[in-house]
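Visitor: Give me a model of this one.
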Amino acid sequence: MTRTLYSLTAAALVGTSNAFTQSPSFGNPPMTRTMEKITFLPVGTDPTERSFSSLSSASSRLCRSKLFAKEMSTYDIDTDENAEQSLADTPVTNGANGMPSSSQTVNGDTGNVQNRYASVLESMDLIIPSLKELPSQRPISSNDVFCNRELRLDNIRAIGFDMDYTLAQYQQPNFDKLAFDGAKEKLVNSLGYPKEVLDFEYDHTYWVRGLIIDTARGNFLKIDRHKYVRVAYHGFSPISSNMRKHLYSRTFNKQPSFTEKGYVNMDTLFQHVDAHLFASLVEMKDFGEHEFLDERTYEEIYRQVRECVDLCHRDGVIKDEVARDPEKYLVLDDGLLPMLREFRENGIKVFLLTNSYWEYTSTAMNYLYHEKKVDEETQKKNEWTELFDLVVVGACKPAYLKDPYLNLFRVVPEDGSLKNTDGLFEIEALGENGAEKFLEMGKCFQGGNWNHLQAMLGTTAGEEIIYVGDHLYADVLRSKRALGWRSCFIMPELPEEMRIFTSQVDLRKSIMQLRSLRDELGAYADTLRLEMKKASFSDCRAMEKKIEQIEEDDGKIKEKLSAAHRQYHSAFHPRWGQMFVAGYQDSRFGYFVKNYACLYTSKATNLGLSSTSRAFRTSGELLPHDNMLSRPSTDFVDAEAE
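Guide: Below is the predicted model:
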């Protein structure tokens, strides 16, 4: 389905109202409509004071002259960098392309392993008998654990796991639909939203992690590591390049950090539900005739969506249904129990730290432990707790990792009731081996904070703990930045990203070679321009012709690059492109994964495929000058020696 959001009026720097020629089908990305008029209001404007009158003719002409002109930003170096914006302007209608049907060799046949390492071994005068045991091509699997920061597992004293989307993986879209459908009913039946909301359909494939929701404007953004917005949508409607720049990059001394109130980071898969429901309501507000929605700002609508989705996780809408039919919603993994037992057998303490409360945690973990739905009597035994040295539910991350005043309660596993504890004071009062004595009274807890956890684990430094979770902020960034814990980020999307990257690797190599050629031609043209300042008239004319030819050649390359880069990004996702990349740089999501996840992998049980003596090594990082010098086609010129 194709949609286009046409250029908006100048007042569109913040909110929206509208009139369209075709009635929309809310809740799904609809067919193309022609926009007659949209007027945006400043954030905070009372919705009841909206005026739908047209701007004065003089004001309208001024708006058009500013907005319809070709806007250029200091970030706009190459149009081929705007692959994601191109996907928004001219959506892909036939889905991702270039998908591989089977595994394939990424870098071609390089012969046997001896040939791969022969040069370096000879230069270092090394004889490595083990070399003959290695395969001719190093296998890279979607089950591998990838390393951003060196880590020795044999120096880890404790390993912790989140539950949701970490130990417990969910069937999609079945699980998300529980929250989506439950939130719809709450919006309509409890808050008075239009009954048409019940017709919304959920599509989890529309979204990727790492996006940012601008709740004040009803927009969805993909930004790069430098906080430059590469592509933006208003609801399901793509925002033009000009409007995107006016909103997010052409304001003097007001560059947003996207951490301000009103911006929500989509750091977890749970937020796909919030995003789709909010986008559907943005569509309904903009294109429908609903006074109820006209009286509410986008920010109010998002807040109520968030409250309703959150309530579904707490009032039984999700928990009761999962308990009734866990096979429909939970994914079994036969590597889970062996992994957890292996860690404990090797002297590593294992803990569960989850925001889910006891009743749901017990339901999910019993199913994963017994690999089937269990009766009430078996569930009360909670035999799964033998896999852990301690269990913390209702943790309220990220507050658990930064607020030292949160109280710790002991959970009675049989009925989920809570008992008060004196936390650190009680552990200290128990004297020698106080933590062990404290845990002997019960190892299941609710709440508390990192001080309680580290005291019970007996660790002396954050780097002795590695925490495994799926939430980029609450699990990875906060534990790493505040406490110095080592981190492992879980990304169920990783296998798909790897499959597509493998299928597109030849295209990517071509793109990077053409970019290198453009850069080299540009540098040569710049050298000619400098030489022209001191050249004779006849030499200047010759140099001008060379520059003209370079500019003509550059135009040809640029045209091919734009098409190729669009094709490359669309293979990953028809709207948002590659998850880890924005333009040619790391996306915000890729940047945070690279900087805060010591390790990352597709599922928690992949850690069980490594021994506890495994040392993880990085692949090495290069700044642009080293990266360019490392290419075989470059030649270093020592300007200082000349």
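
Visitor: for residue 285, what are its contacts?
Guide: Residue 285 makes contact with 16, 218, 293, 294, 296, 298, 301 under the criterion C-beta atoms under 8 Å, 6 or more residues apart in numbering. (Glycine included, C-beta is placed from N, CA and C.)

Visitor: so which of these is the most crowded?
Guide: Each of those was scored for neighbours by other C-beta atoms under 10 Å, and residue 298 scores highest at 28 neighbours.

Visitor: so that residue sits right up against residue 234, yeah?
Guide: No - using C-beta atoms under 8 Å, residue 298 is not in contact with residue 234; the gap is 9.6 Å.

Visitor: State the distance from the nearest residue to residue 598 once chain neighbours are set aside to residue 333.
Guide: For residue 598, the nearest residue in space outside its immediate sequence neighbours is residue 149; the separation is 4.4 Å by C-beta to C-beta, 6 or more residues apart in numbering. When distances are taken as C-beta to C-beta, to the nearest Å, residue 149 and residue 333 turn out to be 26 Å apart.

Visitor: what's the answer for residue 177, then?
Guide: If you go by C-beta to C-beta, the gap between residue 177 and residue 333 works out to 22 Å.

Visitor: same check, this time on residue 184
Guide: With distances defined as C-beta to C-beta, the gap from residue 184 to residue 333 amounts to 31 Å.

Visitor: So between the two, which is more surrounded?
Guide: More neighbours sit around residue 184 than around the other of residue 184 and residue 333, counting by other C-beta under 10 Å; the figures are 23 against 17.

Visitor: And the next helix or strand past the one helix or strand the more buried one maps to?
Guide: Assigned by DSSP states H and E, residue 184 falls within helix 174-189. The first helix or strand that comes after helix 174-189 along the chain, using DSSP H and E, is strand 212-214.

Visitor: neighbouring strands for that next one, and are they parallel or not?
Guide: With DSSP bridges as the test, strand 212-214 is paired with strand 219-223 (antiparallel), strand 263-265 (antiparallel).

Visitor: could you dump the contacts of residue 285 to a markdown table with secondary structure, distance to residue 416 and pLDDT?
Guide: Formatted as a markdown table, the contacts of residue 285 follow (DSSP: H, G, I helix; E, B strand; the rest coil; distance: C-beta to C-beta, whole Å; pLDDT from 0 to 100):
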| residue | secondary structure | distance to residue 416 | pLDDT |
| --- | --- | --- | --- |
| 16 | coil | 46 | 42 |
| 218 | coil | 40 | 97 |
| 293 | helix | 40 | 95 |
| 294 | helix | 44 | 93 |
| 296 | coil | 37 | 95 |
| 298 | helix | 38 | 97 |
| 301 | helix | 35 | 97 |
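
Visitor: And the furthest pair within these?
Guide: Of all pairs drawn from these, the widest gap by C-beta to C-beta lies between 218 and 294 and measures 13.4 Å.

Visitor: hmm, back to that, okay, the strands paired with strand 212-214, which one's buried deepest?
Guide: Stretch with highest mean neighbour count among those: strand 219-223 (a mean of 25; mean count of other C-beta atoms under 10 Å).

Visitor: which residues touch it?
Guide: 84, 210-214, 229-234, 239, 247-248, 258, 275, 279, 576-577, 582, 587-588.

Visitor: Show me the beta-bridge partners of residue 164.
Guide: In beta-bridge terms (that is, DSSP bridges), residue 164 pairs with residue 168.

Visitor: ok, it to residue 445 distance?
Guide: Computed with C-beta to C-beta, the distance linking residue 164 and residue 445 is 18 Å.

Visitor: Compare neighbour counts for these two and give me the winner.
Guide: Summary of the neighbour comparison: residue 164 and residue 445, criterion other C-beta under 10 Å, with residue 445 having more neighbours (27 against 22).

Visitor: Apart from its neighbours in sequence, what residue is nearest the more buried one?
Guide: residue 392 (5.0 Å).

Visitor: how about the nearest residue to residue 117, chain neighbours excluded?
Guide: Sequence neighbours aside, residue 131 is the residue nearest to residue 117 in space, at 6.5 Å (criterion: C-beta to C-beta, 6+ apart).

Visitor: burial measure for the one you found, as a count.
Guide: For residue 131, the tally of surrounding residues (other C-beta under 10 Å) stands at 15.

Visitor: Next, give phi and psi for it.
Guide: phi -60, psi -40 (degrees, to the nearest 10).

Visitor: How much space separates it from residue 382?
Guide: Using C-beta to C-beta, one obtains 50 Å as the distance from residue 131 to residue 382.

Visitor: tell me the contacts of the nearest residue to residue 298 once chain neighbours are set aside?
Guide: For residue 298, the nearest residue in space outside its immediate sequence neighbours is residue 218; the separation is 4.0 Å by C-beta to C-beta, 6+ apart. Contacts for residue 218 (C-beta under 8 Å, 6+ apart) come out as 15, 16, 234, 235, 278, 279, 282, 285, 286, 298, 301.

Visitor: tell me which of these is nearest to residue 474?
Guide: The shortest gap between residue 474 and any of the contacts of residue 218 belongs to residue 278, at 20.2 Å (C-beta to C-beta).

Visitor: Going along the chain, name the strands of the stretch 51-200 of the chain.
Guide: For the stretch 51-200 of the chain, the strands defined by DSSP state E, counting those that start in this stretch cover 146-147, 151-152, 158-161, 169-170.

Visitor: Provide a list of residue ranges in this protein with pLDDT below threshold.
Guide: Regions of the chain meeting the criterion pLDDT under 70 cover residues 1-81, 93-114, 250-253, 642.

Visitor: ok, 90 please
Guide: Low-confidence segments of the chain, defined by pLDDT under 90: 1-122, 128-139, 246, 249-261, 288-289, 313-316, 460, 472-484, 533-539, 618-642.

Visitor: what's the longest helix in it?
Guide: The residue-count maximum for a helix in the chain (DSSP state H) belongs to helix 494-532.

Visitor: next one: that helix to chain centre, how far?
Guide: Relative to its parent chain, helix 494-532 has a centroid offset of 25 Å by C-alpha atoms, centre = their mean, to the nearest Å.

Visitor: which of the residues in that helix are buried?
Guide: Of the residues in helix 494-532, those scored as buried under the neighbour-count criterion (16 or more other C-beta atoms under 10 Å) are 494, 496-504, 508, 511, 514-515, 518, 521, 525, 528, 532.

Visitor: Against which helices or strands is that helix packed?
Guide: Where contact means 3 or more C-beta pairs under 8 Å, 6 or more residues apart in numbering; DSSP states H and E, helix 494-532 is packed against helix 537-572.

Visitor: List the buried residues for the helix it packs on?
Guide: Result for helix 537-572 [16+ other C-beta under 10 Å]: buried residues 543, 547, 550, 554, 557, 561-562, 564-572.

Visitor: Stretch 144-161 now?
Guide: Neighbour-count burial for stretch 144-161, counted by 16+ other C-beta under 10 Å, picks out 145-149, 151, 153, 156-161.

Visitor: for stretch 421-435, same thing?
Guide: Buried positions in stretch 421-435, judged by neighbour count with 16+ other C-beta under 10 Å: 421, 423, 424, 426, 427, 434, 435.

Visitor: wouldn't the first one be in contact with residue 409 here?
Guide: By that I understand residue 421. Yes - shown here, residue 421 and residue 409 form a contact pair, counting by C-beta under 8 Å, at 6.4 Å.

Visitor: Are there residues contacting both of those two? Which ones?
Guide: Here residue 421 and residue 409 have residue 445 as joint contacts, going by C-beta under 8 Å, 6+ apart.

Visitor: count of residues packed around the residue nearest to residue 445?
Guide: What residue 392 shows, counting by other C-beta under 10 Å, is a neighbour count of 27.

Visitor: Same list, the buried residues of stretch 421-435, but as JSON lines with distance to residue 122 please.
Guide: Conversion of those to JSON lines gives the following (distance: C-beta to C-beta, whole Å):
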{"residue": "421", "distance to residue 122": "64"}
{"residue": "423", "distance to residue 122": "61"}
{"residue": "424", "distance to residue 122": "59"}
{"residue": "426", "distance to residue 122": "64"}
{"residue": "427", "distance to residue 122": "59"}
{"residue": "434", "distance to residue 122": "59"}
{"residue": "435", "distance to residue 122": "55"}
